[in-house]
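In: got a sequence here, can you model it:
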Amino acid sequence: MSDIAIQFLLDNLRQIVVYNAKLFMNVKDEVEGLIEDLEMLKAFIEDSSEKSREYKVVQTLVTKIRTLTFEAEDAIDIFVMEASVPKTQKWIRKVFHGISHASKIREVAEKVQAIRGKVKEIYQNPIYGYPALQGRDPAGRRRMERRVPTVEKDNVVGFDEATTKLIGWLTGEAEDLQVFSIIGMAGLGKTTLANKIYYDPRVSDAFSTLAWIYMSQTYTCKDLFLSLLKSVDQVTSNMFRMNEDMLAEEVGRVLTWKYLIVVDDVWGKEDWDSIKRVFPNCKNGSRILLTSRNKPVAVHANPRWPVYVLDFLTHDQSFELLQNRVFGGECPQESQELIPVGKEIAVQCNGLPLALVVIAGMLQNDISTGWWETVAKSVNAFLVRNEKELMEVLALSYYYLPPHLKACFLYFGVFPENYEIPVWILYRLLIAEGFVQKIGNVCLEEMAKEHLEDLVARSLVMVEQRSFNGRIKTCRIHDMLRDLCLKKATDESFLLEIRVPGPGAGTTSSSSHETSSSAVSIIDRRICIHSGVLSYISSKPSAPYVRSFLCFAKDQVNLPRQLVGYIPEEFKLLRVFHIRPISSPRFPSEILQLVHLTYVAFSGDFKSIPSDVSKLWNLQTLIVETTSRTIDVKADIWKMAQFRHLHTNAASQLLGLVAKEKSESIQTLSTIAPESCTEGVLCQTPCIKKLGIRGKLATLLERSKEGGPPLFDNLTKLQLLVTLKLLNDVFPDPPDEFKLQSLPHWSKFPPNLKRLTLASTFLEWEHMSLLGMLPKLEELKLKDNAFTGECWSVRDGGFKKLKALQIWKTDLVLWEAKVEHFPILQHIVLKECIGLGKIPSSLGDVETLRTIKLHRTSRSAVESARAIKHPRLKLDIFPPDL
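Out: Residues are numbered from 1 along each chain as shown. Below is the predicted model:
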């Protein structure tokens, strides 16, 4: 990871020199020399990724380089902060004992030169093999081009007998509630087997209600109960305010039909005991399917029934799984020479599915015999049947990652165990941390997506949800891989997780630990904390060298007013500050001193973003959640050269701002008020790709008092806009009293618009024909009575590019459509369309149709969907007994 630290420092130095050249007049030569020397050290680190594990002297030197890089980074950052924010000088003298950081930069530059001399000695010593290493690809590997990601379920091998047996248990005649368990060591495929059973038609036919909940080593019962309610019923905002006991009663209330609940990854007996009370015994044949690594847990849950012990795969099954993961089927004819060595690798995996999946991830991008033989020689010592050695298998996959993916992979350690990660937040963080480098004309966000897809392809990250076009929406990482992330991250001083068990949290003793603030060293760059947050901040920790502070607590933490500014006051070198779960009673104005800040996310009770935010010249992403319905943005974000994304839950008021020059960097404004859609705002943001507008939408369509064009006309000039959300929010008035009478002509919409969402607009269905004329529209979401009226008769000539249609909550009764109206439609989602009689049968003739999802619709609509005969159509119906 040292090369990533050096690369970030190099980029930071170059950027600082460009924007603050006058700050470095006295140390200009030292800084330029430092940049040149660091370039050479970075090349050495890249050459040493394998040598550092083989030669102790190289490993020691790499460690010294990392430490020295951090030292240089600290000197530069403090120097800039001291020069940029004079009021911080008192803090600097207190924390760093009055050191002159101009002198410190000169001192670090001299140390770097000394290290450079040692590096030259190693390069010149033939014992280390660097001359032979340079200029060629190790092991003569043949690289495959990156394939376009495909959307498919994981290949499942060897579970047919287990599936049949367990389904027989689950569908048995006993009327009492029964608990059945799958046990086995980590990586055997307990969750995969449970998933196969869960989606088996024999199971969906036998149970009216199905739900799945993940447990983890640290959990709250409240979170688990909410997750269960989300799976089987609508979760209301009131439920989030309920305590644990009230939620338990809610679960018992909704579990009245015959149900199957999968409780995945239970660690201890006490964990099962803490949740079992919510599962009622309705004497209707309901079942619980439990997975665990620990047999005593399973026996405790049901001492009267044998547990199912998952076996290892046979040699043939192992090779079958390996082939499926690498080639998507059997080994192709042109690669038959790989079969012998492939079987050897499969045998050495000792029938462990997770090991096979990880090894396949290493093999699939390099199908040369030489590389496979190299892997075959390496796996024997690692793949033995215990978790410690399996971690080494996972580490083998980690070592094979290129440097930029190593950093991205380790970064998954900042998220809590079993956390479903929204990828838009992940992308913003990876970019802000400097792990994503721009290549050619490809934007940083697209590069971040490429990195994530690469990690998914290597079986290191699991996809939870994909959009209709196959792009990842949410993802997560297996708990074993997260353990690997944290271990490697700690070794590299990359990340430190601070665990302070909070009230109501369940923990197990196997791997939970506490890390006090005193354990944060001067080279720890990042810390994350997800429980006991208030206790930690109240202890007034000190970590002045930390660059990233992240909190992804599951429950909101209300911060007392006196502690609001503590972290930014004491962590003044922060670049990334994600505390969205921590609610502040006022705007944390102390962040305005964090001159290195690239990303900040927070929440609280405030109504404005002050103008001084625009002085944060490094800031890329600002995420603000407030209790107010509107927020006044006084900061001039257009003059912030690095600024890319503004995310607010409230409608941002930008009325008083007229940008003096165009911003080529701003890509997201989500969400702004209709009154802010002026020429001075939108036309100065030509590169915007995502725009959300929330408020009284009729304002957009009205001509100005002077008779000028409506504000909506300004959207026409947004050539790069692909996503537009229009939310008609007229609170406290009822939305139907301010319904839209019409829509602008289709030519007034952004010309390259692909995704459109309308909510609470109460338009007549006759206006849908206008949306059908949008030439590039692929996804249309109509929410909360976006359109009203009993009949929608689709007109000819529209929706030529539409792939996904969602309609939520409408009074629609009759929907008339022909196959030519939606020629390439792939996905239909209908939610709470309780009056709709049927889905047009002609849609069954749309060859591209893949899914129809019906959520709380009429029984006749469900029957019409089931009557559609389509070879590749998948129906998703809730509740399942409709």
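In: that's a helix at Lys473, yeah?
Out: No - according to DSSP: H, G, I helix; E, B strand; the rest coil, Lys473 belongs to no helix; its state is strand.
In: quick check, it in contact with Gln465.
Out: Yes - Lys473 sits in contact with Gln465 when judged by C-beta atoms under 8 Å, with a separation of 4.2 Å. Just so you know, the C-beta spots here come from the backbone N, C-alpha and C atoms, and that holds for glycine as well.
In: distance of Thr490 from Ser860?
Out: 59 Å (C-beta to C-beta, to the nearest Å).
In: ok, those two, which is more surrounded?
Out: For Thr490 and Ser860, the more surrounded residue by other C-beta atoms under 10 Å is Thr490, and the numbers stand at 16 against 13.
In: distance from the chain centre to stretch 799-809, please.
Out: Centroid separation for stretch 799-809 versus its chain: 25 Å, with C-alpha atoms, centre = their mean, to the nearest Å.
In: buried ones in it?
Out: For stretch 799-809, burial by neighbour count (16 or more other C-beta atoms under 10 Å) applies to 799-800, 802-809.
In: and what of stretch 690-710?
Out: 690-701, 710.
In: tabulate the residues you listed (a markdown table), appending secondary structure.
Out: Below are the buried residues of stretch 690-710 laid out as a markdown table (three-state DSSP):
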| residue | secondary structure |
| --- | --- |
| Lys690 | strand |
| Leu691 | strand |
| Gly692 | strand |
| Ile693 | strand |
| Arg694 | strand |
| Gly695 | strand |
| Lys696 | coil |
| Leu697 | coil |
| Ala698 | helix |
| Thr699 | helix |
| Leu700 | helix |
| Leu701 | helix |
| Pro710 | coil |
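In: let's have those in TSV, adding pLDDT and distance to Pro568.
Out: Shown next, in TSV, are those (pLDDT from 0 to 100; distance: C-beta to C-beta, whole Å):
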residue	pLDDT	distance to Pro568
Lys690	97	28
Leu691	98	30
Gly692	97	28
Ile693	97	32
Arg694	96	29
Gly695	95	31
Lys696	95	36
Leu697	95	37
Ala698	94	41
Thr699	93	37
Leu700	94	37
Leu701	92	42
Pro710	93	42
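In: neighbours of Arg859, how many?
Out: Applying other C-beta under 10 Å, we find 9 residues neighbouring Arg859.
In: show me the buried residues of stretch 799-809 that map onto strands.
Out: 804-808 (DSSP state E).
In: what's the most distant pair in the buried residues of stretch 690-710?
Out: Farthest pair in the buried residues of stretch 690-710 (C-beta to C-beta) is Lys690 and Ala698. Separation: 23.0 Å.
In: most distant residue from the middle of the chain?
Out: The outermost residue of the chain relative to its centre, with distances by C-alpha atoms, centre = their mean, is Glu706 at 46.8 Å.
In: what about that one, distance to Pro751?
Out: Taking C-beta to C-beta, one finds Glu706 at 27 Å from Pro751.
In: quickly list what Ile288 is bridged to.
Out: Following DSSP bridges, Ile288 is listed with bridge partners Val179, Ile261.
In: neighbours around it, how many?
Out: If we define neighbours as other C-beta under 10 Å, then Ile288 has 21 of them.
In: who touches it in this structure?
Out: Ile288 sits next to 177-180, 260-263, 279, 301 when contact means C-beta atoms under 8 Å, 6 or more residues apart in numbering.
In: tell me the one of those nearest Ser793?
Out: Leu260 (41.6 Å).
In: my guess is that closest one meets Leu290, correct?
Out: No - Leu260 lies out of contact with Leu290 (C-beta under 8 Å); the separation is 11.5 Å.
In: who's more crowded, those two?
Out: Taking other C-beta under 10 Å, Leu260 and Leu290 do not tie; Leu290 has more neighbours (25 against 22).
In: re the thing from before, closest one of the buried residues of stretch 799-809 to Lys634?
Out: Trp808 (35.2 Å).
In: show me the helices in the stretch 701-850 of the chain, by range?
Out: 768-772 (DSSP state H, counting those that start in this stretch).
In: nope, the stretch 301-450 of the chain is what I meant
Out: 315-327, 339-348, 353-363, 369-379, 387-400, 403-411, 423-433, 444-457.
In: what pairs with whatever helix or strand comes next after the last one, parallel or antiparallel?
Out: Scanning forward in sequence from helix 444-457, with DSSP states H and E defining helices and strands, the next element found is strand 462-466. The sheet places strand 462-466 alongside strand 472-476 (antiparallel), with pairing taken from DSSP bridges.
In: and the helices in the stretch 101-250 of the chain?
Out: Counting by DSSP H, counting those that start in this stretch, the segments of the stretch 101-250 of the chain that form helices are 101-124, 130-133, 160-170, 190-198, 201-206, 221-232, 244-254.
In: comparing those, which gets the lowest mean pLDDT score?
Out: Here these differ in mean pLDDT, and the lowest is helix 130-133 at a mean of 44.
In: how many residues are close by Asp605?
Out: When neighbours are defined as other C-beta under 10 Å, Asp605 has 13 of them.
In: same question, Ala162
Out: Neighbour tally, Ala162, other C-beta under 10 Å: 18.
In: can you pull the contacts of it?
Out: Ala162 sits next to 193, 308, 310-311 when contact means C-beta under 8 Å, 6+ apart.
In: pLDDT wise, what is Ser542 at?
Out: As predicted, Ser542 sits at a pLDDT of 82.
In: what's the helix or strand for it?
Out: Here Ser542 is assigned to no helix or strand, by DSSP H and E.
In: any regions of the stretch 451-600 of the chain where pLDDT drops low?
Out: 459, 480, 501-519, 522 (pLDDT under 70).
In: which stretches in it count as strands?
Out: 462-466, 472-476, 496-498, 505-507, 526-529, 548-550, 557-558, 576-584, 599-604 (DSSP state E, counting those that start in this stretch).
In: which of those sits closest to Asn243?
Out: Per C-beta to C-beta, nearest to Asn243 of those: strand 505-507, 14.7 Å.
In: the residue nearest to Val254 when sequence neighbours are not counted: neighbouring residues, count only.
Out: Spatial nearest neighbour of Val254, excluding adjacent residues (C-beta to C-beta, 6 or more residues apart in numbering): Asp233 at 4.7 Å. Using other C-beta under 10 Å, Asp233 has 19 other residues around it.
In: separation between Asp233 and Thr209?
Out: From Asp233 to Thr209 the distance is 9 Å (C-beta to C-beta).
In: next one: Val414
Out: Going from Val414 to Thr209 by C-beta to C-beta gives 35 Å.
In: and those two? which has more neighbours close in?
Out: The neighbour comparison of Val414 against Thr209 (other C-beta under 10 Å) goes to Val414, with 29 against 20.
In: cool, thanks, signing off.
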